[in-house]
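Below is the sequence, then the predicted model.
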Amino acid sequence: MSERKGPVLIELEGAQGTGPQDAPPVPDAPGLPQGQAMQVMATLGARRPSRLWRLFWGAVLGLSGLVLSLATWDFVTGLLTTRPILGWVATGLVGVVLLSLILIALGEAAAFARLGRLDGLRREAEAARSTGDLAAARRVVGRLDALYRGRARLELGRAELARQGAEVFEAETLLTLAEAHLLAPLDAMARAEVEAAARQVATVTALVPIALADVVAALTANIRMIRRIAEIYGGRSGMMGSVRLLRAVLTHLVATGAVAIGDDLIGSVAGGSILSKVSRRFGEGVVNGALTARVGLAAMEVCRPLPFGEGRRPGVGSLVKRALAGLFGQTGA
């Protein structure tokens, strides 16, 4: 008899059939998304360099300016000696560069003055509201009216404020009228800027998987947002003013813990369940967008010439829902 060849099936008692459906699910990364890009940006933006580093960079800039100035002087004087025509052309170009630097410096100084004027108005309004000083409130409203003179969008509000303000004899009521007629349209424009920046940061974080790209996008979007908010409220800033505003806003947020992720933020982003239904990358985008909205609201408080009255401060939750609605599913539901 020939030996039989082929597969042999050996049954094991008690063995259970298993398949892919029985495999355990792949665990997600531990914890909820933390908005790493905004956390890094806030930490870097709020951190002040040490005195030693400031001394070092000041010395480097001073030495670089000295070397550049001497090299330019030798270059121009040499050209004037050997090639007078080219020397005068170089002299004219150097003059244009120096004039441009002077104009840039004057623009930055004017930007700081505008920001200081808004800050002074806000302090005077807070003092008038706390003391109930009607004369001080009228001075604040007068300065506010002068600040927005010439804006076509606010002409009707200015006229209505002038008509109703003459009949008001309480500081709180007068400041409330000014807020309603002059600042309400500007608040709407500022909220639109915050929503646009939140959408941009959320989209870049979710769709661009490049290291540090989300941090750079968050930094540039937040600087642009803060600068636009300052312009809306009448404090148009230059580059240095924008950086200073960003640092002031982020320092405030870090000091108060507003850049930390808590249940209130998770609840504001679609009821706290959206982050468990999408990928972690999308979750990071949503949280970064929400933190950008928080930065925007803080910028509104810093740049606004009047403090928010009762019930007028926008809520983070509603702002984030409007900004991210439809971006990652029904976020605004």
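That came through fine. Residues are numbered from 1 along each chain as shown.

Need the residue closest to the centroid of the protein.
Taking Cα atoms, centre = their mean, the centroid of the chain lies closest to Asn222, which sits 2.9 Å from it.

Show the contacting residues for that residue.
Asn222 makes contact with Met41, Ala197, Val201, Leu246, Thr292, Val295, according to Cβ atoms under 8 Å, 6 or more residues apart in numbering. The C-beta positions use only the backbone N, C-alpha and C, and glycine is treated the same way.

of all those, which two lie farthest apart?
The distance between the two most remote of the contacts of Asn222 (Cβ to Cβ) is 14.0 Å, for Val201 and Leu246.

Who has more neighbours out of these two?
Higher neighbour count among Val201 and Leu246: Val201, with 32 against 23, using other Cβ atoms under 10 Å.

Tell me who's in contact with the more buried one.
Shown in contact with Val201 (Cβ under 8 Å, 6+ apart): Ala37, Met38, Asp214, Ala217, Ala218, Ala221, Asn222, Gly285, Asn288, Gly289, Thr292.

The residue nearest to the centre of the chain: what secondary structure?
Counting by DSSP: H, G, I helix; E, B strand; the rest coil, the backbone at Asn222 sits in helix.

likewise the one 4 residues further on?
Classification of Ile226 into helix, strand or coil gives helix, according to three-state DSSP.

Just give me the neighbour total for it.
30.

so what's it up against?
Listed by Cβ under 8 Å, 6+ apart, the contact set of Ile226 reads Ser242, Leu245, Leu246, Val249, Val295, Gly296, Ala299, Cys303.

if we go to 7 Å?
With contact taken as Cβ atoms under 7 Å, 6 or more residues apart in numbering, Ile226 is in contact with Ser242, Leu245, Leu246, Val249, Ala299.

Of those - the most surrounded one?
With neighbours taken as other Cβ under 10 Å, the top of the contacts of Ile226 is Ala299, carrying 29 neighbours.

surely that residue meets Arg247?
No: using Cβ atoms under 7 Å, Ala299 is not in contact with Arg247; the gap is 11.7 Å.

in stretch 223-233, what counts as buried?
Ile223, Met225, Ile226, Arg227, Arg228, Ile229, Ala230, Glu231, Ile232, Tyr233 (16 or more other Cβ atoms under 10 Å).

Rebuild these as JSON lines, extending it with pLDDT and distance to Ala171.
Below are these laid out as JSON lines (pLDDT from 0 to 100; distance: Cβ to Cβ, whole Å):
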{"residue": "Ile223", "pLDDT": "84", "distance to Ala171": "36"}
{"residue": "Met225", "pLDDT": "88", "distance to Ala171": "32"}
{"residue": "Ile226", "pLDDT": "86", "distance to Ala171": "30"}
{"residue": "Arg227", "pLDDT": "87", "distance to Ala171": "32"}
{"residue": "Arg228", "pLDDT": "90", "distance to Ala171": "31"}
{"residue": "Ile229", "pLDDT": "90", "distance to Ala171": "27"}
{"residue": "Ala230", "pLDDT": "87", "distance to Ala171": "27"}
{"residue": "Glu231", "pLDDT": "88", "distance to Ala171": "29"}
{"residue": "Ile232", "pLDDT": "89", "distance to Ala171": "25"}
{"residue": "Tyr233", "pLDDT": "89", "distance to Ala171": "21"}
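
Pick out the most distant pair among those residues.
Taking Cβ to Cβ as the measure, the buried residues of stretch 223-233 span a maximum distance of 16.4 Å, between Ile223 and Tyr233.

I'd like to know which of the contacts of Asn222 is nearest to Trp88.
Proximity of the contacts of Asn222 to Trp88 (Cβ to Cβ) peaks at Leu246, which lies at 43.1 Å.

Just the pLDDT for that closest one.
For Leu246, the pLDDT comes out at 73.

Next: the one 3 residues further on.
Model confidence at Val249, expressed as pLDDT, equals 73.

so it touches Val295, yeah?
Yes: here Val249 reaches Val295: they are 6.0 Å apart, a contact under Cβ under 7 Å.

Just list the residues touching Pro314, thanks.
Residues counted as contacts of Pro314 (Cβ under 7 Å, 6+ apart) are Arg191, Leu297.

er, Leu154 I mean
So Leu154 contacts Tyr148, Leu182, Pro185 (Cβ under 7 Å, 6+ apart).

Can you lay out the buried residues of stretch 223-233 as a markdown table showing distance to Thr77?
As requested, the buried residues of stretch 223-233 are exported to a markdown table (distance: Cβ to Cβ, whole Å):
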| residue | distance to Thr77 |
| --- | --- |
| Ile223 | 41 |
| Met225 | 47 |
| Ile226 | 45 |
| Arg227 | 41 |
| Arg228 | 46 |
| Ile229 | 48 |
| Ala230 | 44 |
| Glu231 | 44 |
| Ile232 | 49 |
| Tyr233 | 49 |
